[in-house]
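Asker: Sequence first, then the predicted structure:
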Amino acid sequence: MKYTIDKQEKYSLLRLHEEKLDSSVAPSLKSELITLHAEGIKNIILDLGEVKYTDSSGLSALLVGNRILQEDGGVFILSNLSDHTGKLIKISQLDSVLHIVPSVQEAVDAVFMHEIEKDMKEGE
């Protein structure tokens, strides 16, 4: 799996440099998401800008990332989805489960909003 990671204070940006998010890539993506979470990263932005095709195993990897971060009070955000991946997520009715934004910048903004809301709840 080809990817880059940009680790920031509040989040990590994982850019997938693959055309397909399928059964040949999904297990590696799951492992990387689990590893990042185990390292203490609470918020992950997954940039799928280069991904043109996704299958059910790719969706499964996305759901694993979403679940492990949400269980820990974090947020998992997908950005730059191709038409194909976006349609697959809608058909699977996962658009109500997954946090999807058009761009990485909007994803970064969403992470900061999530952190502010979490801080406000903890302060109550």
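Answerer: Received, thanks.
Asker: quick one, what contacts residue 108?
Answerer: Residue 108 makes contact with 11, 13, 45 under the criterion C-beta atoms under 8 Å, 6 or more residues apart in numbering. In this view, the C-beta of every residue, glycine as well, is placed from N, C-alpha and C.
Asker: With residue 87 as the reference, measure out to residue 100.
Answerer: 12 Å (C-beta to C-beta, to the nearest Å).
Asker: Which of these two has more residues huddled nearby?
Answerer: residue 100 (21 against 13; other C-beta atoms under 10 Å).
Asker: What strand or helix carries the more buried one?
Answerer: strand 99-101 (DSSP states H and E).
Asker: That strand pairs with which strands?
Answerer: strand 75-79 (parallel) (DSSP bridges).
Asker: and the next element down the chain from the strand it pairs with?
Answerer: helix 83-91.
Asker: Would you mark the buried spots in that following helix?
Answerer: For helix 83-91, burial by neighbour count (16 or more other C-beta atoms under 10 Å) applies to 85-86, 88-89.
Asker: Equivalent analysis for stretch 90-99, please.
Answerer: By 16+ other C-beta under 10 Å, the buried positions in stretch 90-99 come out as 98-99.
Asker: Just the mean pLDDT for it, thanks.
Answerer: Mean per-residue pLDDT for stretch 90-99: 96.
Asker: begin at 10 from here
Answerer: Right, with 10 as the first residue, what we last looked at is stretch 99-108.
Asker: how long is it end to end?
Answerer: End-to-end distance of stretch 99-108: 12 Å, with C-alpha to C-alpha, to the nearest Å as the criterion.
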